[in-house]
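Undergrad: structure here, sequence nowhere to be found:
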């Protein structure tokens, strides 16, 4: 790949992108397309592509490319684009710190200790799965309990089957996809248990991965104990009430040799927290403006490190915004005439990204949000004070599917500095 092994700690780079997954590559390419000269991508894995390399199922690219691709195919298209530029890449490289004056410190086997002075930085580190240790499940540490992503790597990359009789806890998209994958590989998937009264995954994955294969989805149900010493022999499940407390008398033993956990994703924000960036308590990602700039000037964030996305197509589009934002910052040091209003979700809206928007923007701004429950026959309302800026009817809103609304330039003209832009769910 062009530029590999040419890092010099004495050189100054216009842009350092931390993470070489779909977010990092899209951001770097957009910055390059907008005139940024010296760009380097630092990736801790041995190859670019991120988690997409192990996602061999199709369903990627429908929104961005207008065709259905597998994860590796989607990643390869961006890898090829990076290779056609002079964007430098260092894989197998771990970033260990970032300073407030944008000095990136990293380490790898070939160069040892590296320090890079950056005009701008884009954080694109992705996310990780929530492990068993974060759950309240009693029992031994028998083998056979693992995250759904770990099982996906075993099957799709390493060629190993984690087990033959499977129970999946959590109905996030990766859990649903692995229910189908394990079934296709000959395993018996007993059920998918979900603590909440609704699924956390996309509707299309519930249909294609569970319904089409006759795999039951048990809502308001969780695993309370793992049985077995050396290997999992079974689990105990139970129903929970609306407060997520165990309903006595509903306990049931299920024989299995493997428990896969799909219980949420956590943005990888150790570096973000280390340099004191303002964080959102709901998304677990940085607080950003409409160009995805964080509270630290010149540092941008995009992709799953900012908010967990359900579609990689949206990761790409968001990362292009960050790449453009970084390019503008590098060119002129940021927007001197920026005046900010702040977004706030109420009545079922859990969070909104971006959390602040420049009301002097000359382009429309999309607000992305998720709801905290399933809503049917409702409407999304955007308002400032007593004035309604936008409303749209929605047949269904669900936590597993990201929604968005667009603030036009005309709407922005009606908003004053420090106003609260309220997004709410209301009955029709």
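TA: That came in fine, so what should we check first? Quick caveat, the model's predicted, so the values are computed rather than measured. Numbers count the residues shown, from 1 in each chain.
Undergrad: for stretch 392-409, which positions count as buried?
TA: Neighbour counts over stretch 392-409 (16 or more other CB atoms under 10 Å) mark 397, 398, 399, 400, 401, 402, 403, 405, 407 as buried. C-betas here are computed from N, CA, C, even on glycine.
Undergrad: stretch 222-234 too?
TA: Buried, per 16+ other CB under 10 Å, within stretch 222-234: 222, 223, 224, 226, 227, 228, 232, 233, 234.
Undergrad: again, but for stretch 49-68
TA: 49, 50, 51, 52, 53, 54, 55, 57, 59, 60, 61, 64.
Undergrad: likewise stretch 107-114?
TA: Per 16+ other CB under 10 Å, stretch 107-114 contains these buried residues: 108, 114.
Undergrad: also stretch 353-360?
TA: 353, 354, 355, 356, 357, 358, 359.
Undergrad: mind checking which of the residues you listed are in helices?
TA: Judged by DSSP state H, helices contain none of the buried residues of stretch 353-360.
Undergrad: widest-spaced pair of those residues?
TA: 353 and 359 (17.2 Å; CB to CB).
Undergrad: now tell me which helix or strand of the chain has the poorest mean pLDDT.
TA: When each helix and strand of the chain is scored by mean pLDDT, DSSP states H and E, strand 138-139 comes last, with a mean of 84.
Undergrad: sheet partners, orientation included, of that one?
TA: Strand 138-139 sits in its sheet next to strand 221-227 (parallel), going by DSSP bridges.
Undergrad: show me this structure divided up by domain.
TA: 12-128+266-334, 131-263, 342-427 (automatic domain parsing).
Undergrad: quick check: which of those domains is buried the most?
TA: domain 12-128+266-334 (a mean of 21; mean count of other CB atoms under 10 Å).
Undergrad: kindly check the end-to-end length of it for me.
TA: With CA to CA, to the nearest Å as the measure, the ends of domain 12-128+266-334 fall 19 Å from one another.
Undergrad: again, but for stretch 49-60
TA: Start-to-end, stretch 49-60 (CA to CA) is 13 Å.
Undergrad: what of stretch 390-410?
TA: Using CA to CA, the distance between the terminal residues of stretch 390-410 is 11 Å.
Undergrad: what do you get for stretch 154-169?
TA: Taking CA to CA, stretch 154-169 runs 18 Å from one end to the other.
Undergrad: distance from that stretch to the middle of the chain?
TA: 23 Å (CA atoms, centre = their mean, to the nearest Å).
Undergrad: quick one: contacts of that stretch?
TA: With contacts defined as CB atoms under 8 Å, 6 or more residues apart in numbering, stretch 154-169 is touched by 53-56, 144, 146, 148, 150-151, 175, 178-179, 181-182, 185-193, 222-223, 232, 235, 237, 254-263.
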